[in-house]
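**Student:** what follows is a predicted structure for the sequence shown.
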Amino acid sequence: MRKTAPDRLPTHVAIIMDGNGRWAKQQKLRRVEGHKVGIDSVREITETTCDLGIPYLTLYAFSKENWSRPKEEVRMLMFLLGLYLEQELPMMMDRGIRFNIIGERGDFSKSLQAQFDDVMRKTARNRNLVLTIALSYSGRKEIIRSVRLLCEDVINGRVRRIDERAFRRHLYSPAIPDPDFLIRTSGEMRLSNFLLWQVAYTEIYVTDILWPDFRKQAFLDALAEFAKRDRRFGNVKDF
Ligand code: IPE
Ligand code: IPE
Ligand code: MG
């Protein structure tokens, strides 16, 4: 069994944390119990990322589409989000983790938004890891938003050339590099509207492990697979 980290690590890992509901069903529990145990996975993966010295971790926690779930599930997810922020702040301070959000923050309650601001402000000077949580996030919406802001730049004369750089400046977190590695748990071979622009050359890894079971060893196994990937970026190797 692998115990050490592989030698070639990604700079930015993004994860689609899927399978909480299926995990709960397997255990004959309510879906919410899966979300609760999923928070333990979030903590373990965040701490491991920190220990490995990987500087960026982005977690897909709630999509724009997830608002269409049953009211009670959405309510519980909002409750758990608040609890998570409250509980994890000391750990973030301890480990030098900077908290960041991408997505439509305005979709959340005033009290959650205040909590987001509070955690972001308190962790703003932390330097070891940027932990980004995608909340009410939609990749298409992020692209449209960027296009709209870019159009305003053009109209106002701030931008003359529409290119990738000008577009990128209006992403939610323009300073964060594109993910090198995207992990999806629970076996689904799709992106579900996650980081559509940013994953152009990201290495994708799908595991059947359900998110509440995805812990340190599974993460190290995924990273070992990344270390073996041959990233060509459209080029050829031997010429
Ligand atoms: C991921 O688990 C968490 C969220 C999307 C909020 P799911 O709740 O999607 O779990 P499954 O896919 O139904 O098993
Ligand atoms: C993707 O999972 C969104 C998150 C992990 C937050 P979903 O469970 O919502 O995705 P689909 O419905 O299987 O595509
Ligand atoms: Mg799911």
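**Tutor:** Yep, it's here. Everything numeric in this text was worked out from a predicted model, so none of it was measured. Ligands and ions are numbered 1, 2, ... in the order given.

**Student:** who does I16 form a beta bridge with?
**Tutor:** Counting by DSSP bridges, I16 forms beta bridges with Y60, R184.

**Student:** how many neighbouring residues does it have?
**Tutor:** The criterion is other Cβ atoms under 10 Å. On that basis, I16 has 25 neighbouring residues. (C-beta placed from N, C-alpha, C; glycine too.)

**Student:** the longest helix seen in the chain and ligand 2 in contact?
**Tutor:** Ranked by residue count under DSSP state H, the longest helix found in the chain is helix 71-95. No: taking Cβ under 6 Å from any ligand atom as the criterion, helix 71-95 and ligand 2 are apart, separated by no less than 9.4 Å.

**Student:** quick check: the gap between L29 and P177.
**Tutor:** From L29 over to P177 the distance is 38 Å, taken as Cβ to Cβ, to the nearest Å.

**Student:** can you list the residues of this structure near ligand 1?
**Tutor:** Near ligand 1, the residues belonging to the chain are M17, D18, G19, N20, G21, R22, F62, N66, L77, S186, W211 when assessed by Cβ under 6 Å from any ligand atom.

**Student:** how many residues are close by the third one?
**Tutor:** Around G19 sit 26 other residues, with neighbours defined as other Cβ under 10 Å.

**Student:** and the last one, by the same measure?
**Tutor:** Residues near W211, counting by other Cβ under 10 Å, number 26.

**Student:** sorry, back to before: okay if I get the residues of the chain next to ligand 1 as TSV plus secondary structure?
**Tutor:** Conversion of those to TSV gives the following (DSSP: H, G, I helix; E, B strand; the rest coil):
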residue	secondary structure
M17	coil
D18	coil
G19	coil
N20	helix
G21	helix
R22	helix
F62	strand
N66	helix
L77	helix
S186	coil
W211	helix
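
**Student:** for this structure, what spans make up the strands?
**Tutor:** With DSSP state E, the ranges of strands along the chain come out as 12-16, 56-63, 97-102, 129-137, 181-184, 203-206.

**Student:** need those strands in a markdown table (columns: mean pLDDT and distance to ligand 2).
**Tutor:** What follows is the strands of the chain, written out as a markdown table (pLDDT from 0 to 100; distance: least, Cβ to the nearest ligand atom, whole Å):
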| stretch | mean pLDDT | distance to ligand 2 |
| --- | --- | --- |
| strand 12-16 | 99 | 5 |
| strand 56-63 | 98 | 4 |
| strand 97-102 | 98 | 12 |
| strand 129-137 | 99 | 7 |
| strand 181-184 | 98 | 8 |
| strand 203-206 | 98 | 12 |
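
**Student:** perfect, that will be all.
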